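A.B. asks: what would the 3D arrangement of this be:
(one chain, ligands or ions: 2)
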Amino acid sequence: MFINIEGIDGSGKTTLVNNLKNTFPDFYYTREPTDGFDYAGLVPLENEYNSILDFFLFTYDRIRHQKEIKENIKNIVISDRYIASSIAYEGPLIERFFSGIDETIQYLMDVSRPVKCMPDVIIYLDVKIDTALKRIINNRKVLKYRDEKLSVLEKKNVLGFVSTYYLYFLKNIKKFTGTDIRVEYIDANRPENMVLNDTIKIIEKLL
Ligand SMILES: Nc1ncnc2c1ncn2[C@@H]1O[C@H](COP(=O)(O)OP(=O)(O)OP(=O)(O)O)[C@@H](O)[C@H]1O
Ligand SMILES: Cc1cn([C@H]2C[C@H](O)[C@@H](COP(=O)(O)O)O2)c(=O)[nH]c1=O
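C.D. replies: Numbers count the residues shown, from 1 in each chain. Ligands and ions are numbered 1, 2, ... in the order given. This is a model prediction of the structure:
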């Protein structure tokens, strides 16, 4: 079974995954961008040309990621980010090449056809943007390259577009992927133990 943990920057994905490793140590854990992929050189979300470049580079990384996922799929594979992240982060600026969100997401999914492993479940950590921003600014030890190149207001705008694309994609997941992917939404504004407990309940029902 293949489970993706998704959400905007600061929603608590990595924290949740680290807590899941203690609860379910025998699962296989992975992430995107993969460890071997140096995305630090990628240009931030400045314009549609950079987003097209980002999309193809993250998709290149994802196509290479298929082997690792397939080798472990007999287990429970949990990925911190996957294809929904590309739709959410690159879609908003790429929309300038298209008539709207539907055509944009359809194009990104068409280009993603070499990505054969699709998730069985997407767990989306739903968080208020102000809450996420506070966590990014106040708690995060290391500023990620995208944080460094964007002002707080720019970051807030970007995360607004990202969450809009996330929620639209997830709401219409069958239309865009052609498969029955189960989507679970967790209120990630709450303390991490509550987010973890909700996630454990979801996973235990799947086992
Ligand atoms: N439920 C929570 N309540 C309060 N703080 C949290 C919660 N979850 C995570 N945090 C804190 O918020 C910060 C961001 O968390 P984390 O790195 O897990 O988010 P993320 O979604 O993985 O972010 P990114 O996608 O940018 O890597 C960390 O400092 C973490 O300790
Ligand atoms: C997989 C993927 C990621 N991104 C963005 C999202 C984040 O800002 C960074 C790194 O992710 P992390 O969880 O903060 O380590 O990359 C993206 O734009 N497109 C993608 O496909």
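
A.B. asks: need the pLDDT of residue 139.
C.D. replies: Looking at residue 139, its pLDDT reads 69.

A.B. asks: hmm, I was thinking of residue 129
C.D. replies: 95.

A.B. asks: next, count neighbours for residue 180.
C.D. replies: Counted by other CB atoms under 10 Å, the residues lying close to residue 180 total 8. Backbone N, C-alpha and C define where each C-beta goes, glycine included.

A.B. asks: element containing the closest residue to it other than its chain neighbours, please.
C.D. replies: Using CB to CB, 6 or more residues apart in numbering and skipping residues adjacent in sequence, the residue nearest residue 180 is residue 174, 6.4 Å away. Per DSSP states H and E: residue 174 is located in helix 173-177.

A.B. asks: residue numbers of the protein in contact with ligand 1?
C.D. replies: 7, 9-15, 135, 139-140, 188, 191-192, 195 (CB under 6 Å from any ligand atom).

A.B. asks: any of those residues buried? List them.
C.D. replies: Applying 16 or more other CB atoms under 10 Å to those, the neighbour count classes 7, 9-13, 15, 135, 188, 195 as buried.

A.B. asks: out of those, flag the one nearest to residue 32.
C.D. replies: residue 13 (10.8 Å; CB to CB).

A.B. asks: in contact with residue 184, which residues?
C.D. replies: Contact partners of residue 184, counting by CB atoms under 8 Å, 6 or more residues apart in numbering, are 121-124, 202.

A.B. asks: mind checking which of those residues are in strands?
C.D. replies: Per DSSP state E, strands hold the following members of the contacts of residue 184: 121-124.

A.B. asks: nearest to residue 32 among the residues you listed?
C.D. replies: Looking at those and their distance to residue 32, the nearest is residue 122, at 13.1 Å (CB to CB).
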